[in-house]
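>>> After the sequence you'll find the predicted model.
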Amino acid sequence: MSKVHEIYACFTITDSFDPAEITRRIGIEPTESWRKGAIHPKSRLVRESSRWSLFSRLARTAELEDHVRDIIAQMDQKAEAFRSLSEEFGGHIQVAGYFITQEPRFHFDKRTVEALAKYSLSVGFDFYCGVSDGSGDT
């Protein structure tokens, strides 16, 4: 059976900072982080900025809206810390989706839109349609 889609999403901040300091300020471990000047393990290029990211905990087969809601639920645990960091560093929700047999469609309900505004978040979408995720499993 072929996959219908694969989606993931994360809250991300990027700038010049020590990721350990961001973790200390929020009190939550990132899913992924790196420091400006670190070497990218695959490309071997020097990273031009620091990054601190918190990914959705859902399976990559979950719906896009559910991934965003899960990130917001994690942020709600430390709302003031996330709001402050998002305003300071330009918090961003990044959504990536690989759609094999369907065109991407999504809808953010009023509560989700209000939460995005509460945290001053921008949202970016990277959609790849009619292609696999590169794993060879389509």
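Sure thing, it's come through. Fair warning: this is a prediction, and the values are worked out from it, not measured in the lab. Numbers count the residues shown, from 1 in each chain.

>>> who touches the nearest residue to residue 48 once chain neighbours are set aside in this structure?
With CB to CB, 6 or more residues apart in numbering as the criterion, residue 48 has its nearest non-adjacent residue at 6.8 Å, and that residue is residue 36. C-beta here means a position set from N, CA and C on the backbone, and glycine is covered the same way. Counting by CB atoms under 8 Å, 6 or more residues apart in numbering, residue 36 touches 16, 17, 47, 48, 49, 50.

>>> Pick out the lowest-pLDDT one from those residues.
Ranked by pLDDT, the contacts of residue 36 bottom out at residue 47, which has 88.

>>> Between its first and last residues, what's the separation in stretch 81-97?
With CA to CA, to the nearest Å as the measure, stretch 81-97 spans 28 Å from end to end.

>>> how about that stretch: buried residues?
By 16 or more other CB atoms under 10 Å, the buried positions in stretch 81-97 come out as 81-86, 89, 91-97.
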